[in-house]
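A.B. asks: Quick one: sequence plus predicted model below, questions after.
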Amino acid sequence: MNPAVHLDGITKRFPGVVANDDVDLAIERGSVHALLGENGAGKTTLMNVLYGLYRPTEGTVVVEGEPRSFASPRDAIDAGIGMIHQHFMLVDPMTVWENVVLGNEPRTWGGLRVDEKAAREAVIELSERYGFDVDPDARIEDVSVGVQQRVEILKALYRGAEVLIMDEPTAVLTPQEVEELYGVFEELTEQGKTIIFISHKLGEALSAADEITVLRDGVNVGTVASEDVTREDLAEMMVGREVLMEPATTPQEPGDRVLGVTDLRVEDDRGVEAVSGVSFELRAGEVLGIAGVDGNGQSQLVEAITGMREPESGSVEYLGEPMAGATRREHIDRGMAFIPEDRHEKGLVMSYDLVQNGILGSQHEPPFAAGGRIDWNASTDHAESVIEAYDVRPPNPDADAESFSGGNQQKFIVGREFERDPDLVVATHPTRGVDIGSTEFLHDRLLELRAEGKAILLVSSKLDEVQGLSDRLAVIHEGAFTGVVDPATVTEEEIGLLMAGETLDDESVSGAAIHDAVDDGLDGDGAGDGDGAGDGDGAGDGDADDESGPNREPAADGGVEA
Amino acid sequence: MSRRDGGRLPTAARRVIEPFVDRSVAERILISVAAILLSIAVGFAIVLVSGRIAECSTAAWTMPVTGLGFCYDPFEVYAVLFNGALGYPLAIGEPGLFNPSWTPFNLSFGLTLSETTLLIFTGLSVAVAFRAGLFNIGTQGQLVVGALATALTVLALAPLLPPGPISGIALVVVGTLAGAVGGGLWGAIPGALKAYADANEVITTIMLNFVAANVAYVLVLEVFRAEGSSVVATRYVPEYAQFSPWLFPDSSDFALLALAVGVAFIGALYYLVEHTPFGYDLRTSGVQAAAAEYGGVNAKLTTVRAMTLSGALGGVGGAVWVLMSEGRWIESVPDLGFDGITVSILAGNNPLGVLPAAFLFGVLKGGALEIGFRTDVPTELVGVLRGLIILFVAMPEFFRMAGRYAGLGSSGPGGPETTADDSTGDDGSGGDGTTGDAGAATRGGEADA
């Protein structure tokens, strides 16, 4: 039998870059195939070739044994290939069924009117056939991200897709939703559909896929059956050398309090409360991880802490001083390093070279600002040292930031911020888009900073990252901490529950133990300090409970914080 | 994603604009030269067609082969336009390539350089604001206010000082400073409105242009009008308190010293924008406001500062207009501020580019006057030719800017600023066409007078 899809010797060249180099790939009908690789390995390019967004420079796409040449995604859809992008393309105020049929509506009245009844029934029929739990009349804006993803899948199926390409499908999901997605995969493959998903997460590929193809530098390194390989094997295939998977963190007594956040409330750009009464403290030589599904107030929280956003109420105390009203520049000048989540918008000026980007935030500070002018020699030296230390490639300080790959841009930002000699590092998704080899290095460097006694606030959507690096792990949901737990003992399921807004039973709250440890350390440092912090926390909890309504368990919050 | 692939533009527009977005400086200069040649080709056809429609007793030019006669000679028009603007360095109708009696210090070249000098200041004014991501259409108003501040300050101080060159220097310096302060304050108003009240600077600066023109008019009409003057104008400032023409004929209204000041300003502004922390803040705000804020740049303060600086430069332009060209404040202020927008666009908003851009404008003005003197071609047609050249040269730069703001090419500023800048960009294109024409009309009037 012919494979569902056969990519035969696909080469895709862009000016100056070979994105795919003679890639052969055959995917069996009814299987789940993971396309694994680091950023810039050519996964998405390859899938865009299959989906008709790019024409291959060489090679052929063979679908169901028939060579095809797609001029556009329209042709690919006609050949039964559907793609679900990382960012959903749904119309929020419209209902599920309207979104599914959008653009391919059944018509009546001679094509003048949408046959709503037929459309709705077709959508119900589809969703029942694949066992999707989707209400066809719900509005997209009212349903969860996981359901939205299923609507996207329905859209593809409605258009007759036999092969579904999914680009990083789990990036926006909670662990529970990921499990549900795997269930959807099973349902689909049972009915003969074929699924290809792009990922750079090893665990995901291992648990969801039947076969895994690893791409490195545009070359197919190998296709393996998922039961025959281990994480380490895959990591080695991706990076091309052996990789240490677990960051080696050592126990360490935290020092003085660096950051104290008390009952912080922050609004987002639309004026909706995004952070609802968060309180915590962070000590020198300590890593506090914040886990949560993206968009639960993490961005606003770190922006309020780093002086990018004015909180509505509550206080941020840094190195013993309140930061209310302090400008962003004062935050920088007092030794706060900040790795922002959006490197294209904030972290780098895309049209500046790395020399100019290297002084972003320090443009008024010596040695870069000297005698009313910018010392470009010192700036160049600085950029070069960051480039060398953090292995930014290509090592050209005069190249514009936009010409670097995402991972290398990220390495440069992290390097710039880490080398600021900060007292506090606020790192948001520090290794997002960074390949495994460099991630390992950035993690080591972060732990070095911890050993040097820096306080580190680490926000990441990668669970293994926050779990592996943090001394304490706070889980945020809808702007409030649903729990602060000990990353060493908490299970992934427990974190998943907290991320979904549930609370843990008293016995499973492992945070209490570690908080005791912190309190102990606190007492050692000075009782007065500790008491003050304790009072602040208490007040914060009270408010948060009032606001968050009956579905949150005050007991658990209290249990964690007290 | 839409930001990166220019999703807001229709495909057709994208296809047109895309090639202009990512171009090196050398390529952009090459494009500009090609644009001038292309505009001459189109203008050539227009001159021919008009020359066929117009009625005249003898044909100025007869087309070879066909024997068709035309009232205007397109070769002569362009020869006079460019050669005449420099005072005829190239010999016409005489043996030899160069005109042996030519000196650089002639009237026509003086007029050309006078316009160049004034446009340096207004071009810099617009360019500085633009680099900060602000579209200052109010340079005209800032120039009017600065000019009045200069005239009134010099007139008030002159009686207190003994006449003479020393007082002259002092008065010129103080008068220019007064212009800078007046224009700067006038520019700070829309800056503060933008920073603290979120008022779009395009709208406020346009409105303030009218306010400036009318308030200045009423003030001079009612309070400061020179006795016995038939026009609404102040008294003349003393001769010794004006920029001295030195080498150039008096009637050229040009002073080398003022040009030197302008060139020095170009250098200073270039240094300020490219090599100082303040310039870094300003540029970063302009290209990527969110990154600037992340880097500790106070967005509100930078907006106010940039608009103040921009206004001050416009005000200095006004001071030079009073102290070099007119010798007094007079109601018919030329459209220097509006032409400054086009100069800045031609210059790619780079201070260094302002010099050639302003010079091109100067040449076009000087040449237009010469065409009026030397040929039968109506001034309106000359205005069309000028407009064509400006349109052709500005369009690639304009496409480049519009494309960048729409997110085409390798970078585009993000954030809510983008939309605002987009709409201002469109205003700019409309402005280009109209300023070109309006400028021509003004010049036509001057030439007749």
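C.D. replies: Arrived safely.
A.B. asks: only C-alpha atoms for contact and neighbour calcs from this point on.
C.D. replies: Will do.
A.B. asks: can you give me phi and psi for the nearest residue to residue A:116 once chain neighbours are set aside?
C.D. replies: Setting aside the residues directly before and after it, residue A:116 is nearest to residue A:106 in space (CA to CA, 6 or more residues apart in numbering or on different chains), at 7.7 Å. Residue A:106 has phi and psi values of phi -70, psi 140 when expressed as degrees, to the nearest 10.
A.B. asks: The one residue in the stretch 1-150 of chain A that gets nearest to chain B: neighbour count?
C.D. replies: With CA to the nearest CA as the measure, residue A:87 is the residue of the stretch 1-150 of chain A nearest to chain B, at 9.3 Å. For residue A:87, the number of neighbouring residues by other CA atoms under 10 Å in any protein chain shown comes to 13.
A.B. asks: okay, which residue is most central for the chain?
C.D. replies: Here I'm looking at chain A. Nearest to the centroid of the C-alpha atoms of chain A, with distances taken as CA atoms, centre = their mean, sits residue A:461, at 4.5 Å.
A.B. asks: try again with chain B
C.D. replies: Note on chain B: the residue nearest the mean C-alpha position is residue B:340, at 2.6 Å, using CA atoms, centre = their mean.
A.B. asks: Could you check the pLDDT of that residue?
C.D. replies: For residue B:340, the pLDDT comes out at 94.
A.B. asks: Pick out the residue in the stretch 151-300 of chain A sitting closest to chain B.
C.D. replies: residue A:269 (11.0 Å).
A.B. asks: host element of that residue?
C.D. replies: When elements are assigned from DSSP states H and E, residue A:269 belongs to no helix and no strand.
A.B. asks: and what of residue B:280?
C.D. replies: Using DSSP H and E, the element containing residue B:280 is helix B:277-287.
A.B. asks: now do residue A:281
C.D. replies: Counting by DSSP H and E, the element that carries residue A:281 is strand A:273-283.
A.B. asks: For that strand, C-alpha coordinates in CSV please.
C.D. replies: The C-alpha atoms that make up strand A:273-283 are tabulated as CSV, following Å, rounded to 0.1, in the frame of the first residue of the first chain:
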residue,chain,number,x,y,z
GLU,A,273,-7.5,42.8,35.9
ALA,A,274,-4.8,40.3,34.8
VAL,A,275,-3.1,39.9,38.2
SER,A,276,-5.4,39.5,41.1
GLY,A,277,-3.6,39.9,44.4
VAL,A,278,-0.3,38.1,44.1
SER,A,279,2.1,38.0,47.0
PHE,A,280,5.4,36.4,47.3
GLU,A,281,9.0,37.1,48.3
LEU,A,282,12.2,36.1,46.7
ARG,A,283,15.6,35.9,48.3
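A.B. asks: What pairs with the helix or strand following that strand, parallel or antiparallel?
C.D. replies: The first helix or strand that comes after strand A:273-283 along the chain, using DSSP H and E, is strand A:287-291. The strands beside strand A:287-291 in its sheet (DSSP bridges) come out as strand A:455-459 (parallel), strand A:472-477 (parallel).
A.B. asks: Turn the ones you listed into JSON lines, including mean neighbour count and mean pLDDT.
C.D. replies: Below are the strands paired with strand A:287-291 laid out as JSON lines (neighbours: other CA atoms under 10 Å in any protein chain shown; pLDDT from 0 to 100):
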{"stretch": "strand A:455-459", "mean neighbour count": "27", "mean pLDDT": "94"}
{"stretch": "strand A:472-477", "mean neighbour count": "26", "mean pLDDT": "92"}
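A.B. asks: of all the ones you listed, which lies closest to residue B:125?
C.D. replies: Nearest to residue B:125 among those is strand A:455-459; the distance by CA to CA comes to 43.9 Å.
A.B. asks: List of residues touching the closest one?
C.D. replies: Applying CA atoms under 8 Å, 6 or more residues apart in numbering or on different chains, the contact partners of strand A:455-459 are A:258, A:282-291, A:298, A:423-429, A:450, A:466, A:470.
A.B. asks: what about 6 Å?
C.D. replies: For strand A:455-459, the surrounding residues in contact (CA atoms under 6 Å, 6 or more residues apart in numbering or on different chains) are A:283-290, A:424-429.
A.B. asks: thinking again about what came up before, now do the strand holding residue A:281 against strand A:455-459, angle only.
C.D. replies: Computed by axes from the mean of the first three to the mean of the last three CA atoms, to 10 degrees, the angle separating strand A:273-283 from strand A:455-459 equals 150 degrees.
A.B. asks: Name the residues that touch strand A:273-283?
C.D. replies: Outside of strand A:273-283, the residues within contact range by CA under 6 Å, 6+ apart are A:254-268, A:297, A:455, A:479-480, A:537, A:540, A:544.
A.B. asks: What of stretch B:96-115?
C.D. replies: The set of residues that contact stretch B:96-115 without belonging to it, under CA under 6 Å, 6+ apart, is B:85-87, B:89-91, B:248-249, B:252, B:254, B:362-363, B:366.
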